[in-house]
Structure formats: C-alpha cells, structure tokens
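Enquirer: Predicted structure and sequence below. I'll ask about it afterward.
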Amino acid sequence: MGTNLMRAVIVVSAICWAVGVAQAAATWLGQPYSVTVPTHISSVGQVVTSNSNLVLQHDAACDLIVTALVSGNEVLTSGGQTLSTAYMLTGADVSNPDGGWVPAATFVTRTYHVVGTGPNSTINIAVQATPPADRAQDAGAYSASIQITATW
C-alpha cells in the first residue's frame, strides 16, 4: 500500500440560521463559519480532526436543528472521492451534547437544546475525516456543507 499526500484543506461550512417566533431572538455572530483541517493526510487510514467555535447570541432557550441543504453534502467530498465523515457538537450551554463522533448521515438528523438566556453561547463543532483503510485517496480540497438552525 502506498501513501498519497492528501491536501487536507478539508472545509466544513456551517451555514447558520436563526428563526424565531414571538419575543425570542437569536443570531449567529460571525457566520458563515468554516472548519479547516490543518493536517495533511499522508498515509492510508490516517484520521484527521478539527473544530471551530460558533457563537450564538440568544435571549431564550432554543433548539439547534442540523440539516444538509442537499442530501450527501454532509460528507467530505472532492470530485468523486469521499472521506468517512463524522461530527461532534458540544458546548457548556448544550444540554444534550455529543459524547463521541456521530456519523455524518446521523448528525444531519440531530436536534440539540441550548439552555439559558445567553447573551452568548459558544457552540463547538468538530469534524473527523477518515480515508479508506485499504487505499490512498487523491490529493485535493475535500469539502462538506451543513446547516444549523436555531429555533424555538
């Protein structure tokens, strides 16, 4: 098995929206967010991870709903090649944070609850990328896109 230097400019874009009803309000500060993996994948089966803090400004408890705008966009892809992708969402104000890596297809069906009234809550999103164990992927910029909506 050979190795292939994969440019791990893996970018996960989190497009964040805030939707409110009645008096509650929320906004994502500094969005859109991205997570860039600074480590190049240089061997077969090498796992790389990275994370980013998202800042949610809110005045009431809310739910965070994770979705993919287009089915499959949650998986890190470059051309026709994909990496096994998993996510983890945590934060001090998240009452049901992930305790480990969640496969991409499951992650985009999750809802998280943010407690408290802010004013700001830091939500951490992490991404894990794993190439196939039996071969090297082509070098490239692998990207994925998810949406996180704050709602009541």
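Expert: Sure, I can see it. Residues are numbered from 1 along each chain as shown.
Enquirer: next SSE after the worst-scoring helix or strand of the chain on mean pLDDT?
Expert: Using mean pLDDT, DSSP states H and E, strand 11-18 stands out as the lowest-scoring helix or strand of the chain, at a mean of 55. Downstream of strand 11-18, the first helix or strand assigned by DSSP states H and E is strand 26-29.
Enquirer: Val89: neighbouring residues, count only.
Expert: Slight slip there: residue 89 is Leu, not Val. Close neighbours of Leu89, defined as other C-beta atoms under 10 Å, add up to 22. Any C-beta I mention is one placed from the backbone N, CA and C, and that applies to glycine too.
Enquirer: Asp98 is in contact with that one, correct?
Expert: Yes - shown here, Leu89 and Asp98 form a contact pair, counting by C-beta atoms under 8 Å, at 5.5 Å.
Enquirer: Could you pull out the buried residues of stretch 94-107?
Expert: Neighbour counts over stretch 94-107 (16 or more other C-beta atoms under 10 Å) mark 94, 98, 101-102, 104, 107 as buried.
Enquirer: List the ones among those residues that fall in strands.
Expert: Val102 (DSSP state E).
Enquirer: I'd like the buried residues of stretch 94-107 laid out as a markdown table, including distance to Leu56.
Expert: Supplementary listing: the buried residues of stretch 94-107 in a markdown table, determined by distance: C-beta to C-beta, whole Å:
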| residue | distance to Leu56 |
| --- | --- |
| Val94 | 10 |
| Asp98 | 17 |
| Trp101 | 22 |
| Val102 | 19 |
| Ala104 | 22 |
| Phe107 | 18 |
